[in-house]
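Trainee: have a look at this fold, sequence not included:
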């Protein structure tokens, strides 16, 4: 039996996934969480084999959640299930320790197969994710590959409108540490200002200004 943790900030979404997963004889949802902190707490309470994690979480970081989950228990497998198929986001999630990445447009059967495969330690990508990664590789799209997963998340939260203190709170770091990460981000991306970072993020689809 594979014990599953669901990390998604929409309760309706979690309910749908729970019904789908619990209908399978070899899978069961034993815990739910809406934030990285809640997921971390559930790991202390339950034996978790696999975590299904969304990247977009209100007031927290999905990629940082992956890091925190694995820091707590390195044996937990992580499968990302997200609306985002941006190649930079996918790459950073995998670098943070996720074994699989599916988009929310995946069929129910693909999700169940993905859970089973990741639980066995296999890497899994949905077809649309594999396609965008292949295209990015052919196009030489590696600009954000210079960043660590944590640096990438700091950047993503900054260009989404978060202030330094908010980012620090969400990532359980000090404002000074966030400033240091941003300095490294600017250096690696060869930019001099937050405006340049925002333009670069928009150009590569990391942030949608209309959604901000």
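Mentor: Cool, the structure landed. Quick caveat: nothing in here was measured; it's all calculated off a predicted structure.
Trainee: contacts, neighbours, all on C-alpha from now
Mentor: Will do.
Trainee: and what about residue 114, helix, strand or coil?
Mentor: The assignment at residue 114 comes out as helix when based on DSSP: H, G, I helix; E, B strand; the rest coil.
Trainee: could you report the pLDDT at the spatially closest residue to it that is not a sequence neighbour?
Mentor: Nearest residue to residue 114, sequence neighbours excluded (CA to CA, 6 or more residues apart in numbering): residue 124, at 6.2 Å. If you check residue 124, the pLDDT there is 95.
Trainee: do the same with residue 144
Mentor: At residue 144, pLDDT is 81.
Trainee: where are the low-confidence patches of this protein?
Mentor: Along the chain, segments meeting pLDDT under 70 span 59, 137-142, 208-212.
Trainee: skipping adjacent residues, who's closest to residue 58 in space?
Mentor: Using CA to CA, 6+ apart, the closest residue to residue 58 is residue 9 (6.6 Å).
Trainee: separation between the one you found and residue 106?
Mentor: Between residue 9 and residue 106 the distance is 19 Å, computed by CA to CA, to the nearest Å.
Trainee: longest helix in the protein, please.
Mentor: Determined from DSSP state H, the single longest helix within the chain is helix 175-189.
Trainee: and it, how far out from the chain middle?
Mentor: Distance of helix 175-189 from its chain centroid, counting by CA atoms, centre = their mean, to the nearest Å, is 20 Å.
Trainee: sec struct for residue 111, please.
Mentor: Going by three-state DSSP: residue 111 is helix.
Trainee: contacts only, for it.
Mentor: Residues near residue 111 by CA atoms under 8 Å, 6 or more residues apart in numbering: residue 102.
Trainee: and the strands in this structure?
Mentor: 2-7, 27-33, 50-53, 56-57, 60-61, 77-82, 100-103, 124-125 (DSSP state E).
Trainee: domain parsing of this protein, as residue ranges.
Mentor: The domain map for the chain lists 2-138, 143-211, with the assignment taken from automatic domain parsing.
Trainee: most tightly surrounded among these?
Mentor: domain 2-138 (a mean of 19; mean count of other CA atoms under 10 Å).
Trainee: rewinding a little: need the contact list for the residue nearest to residue 114.
Mentor: Applying CA under 8 Å, 6+ apart, the residues near residue 124 are 99, 100, 101, 102, 114, 117, 118.
Trainee: let's go with 7 Å and repeat that
Mentor: With contact set as CA atoms under 7 Å, 6 or more residues apart in numbering, residue 124 has these partners: 99, 100, 101, 114, 118.
Trainee: over to residue 51?
Mentor: Residue 51 makes contacts with 4, 5, 6, 77, 78, 79, as judged by CA under 7 Å, 6+ apart.
Trainee: how close does the second one sit to residue 119?
Mentor: In this structure, residue 5 and residue 119 are separated by 12 Å, where distance is defined by CA to CA.
Trainee: quick check: neighbours shared by these two?
Mentor: residue 50.
Trainee: hang on, residue 125 packs against residue 99?
Mentor: No: applying CA atoms under 7 Å, one finds residue 125 not in contact with residue 99, separated by 8.8 Å.
Trainee: can you lay out the strands of the chain as a markdown table showing distance to residue 181?
Mentor: Output for these, formatted as a markdown table (distance: least, CA to CA, whole Å):
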| stretch | distance to residue 181 |
| --- | --- |
| strand 2-7 | 26 |
| strand 27-33 | 28 |
| strand 50-53 | 24 |
| strand 56-57 | 21 |
| strand 60-61 | 15 |
| strand 77-82 | 24 |
| strand 100-103 | 26 |
| strand 124-125 | 29 |
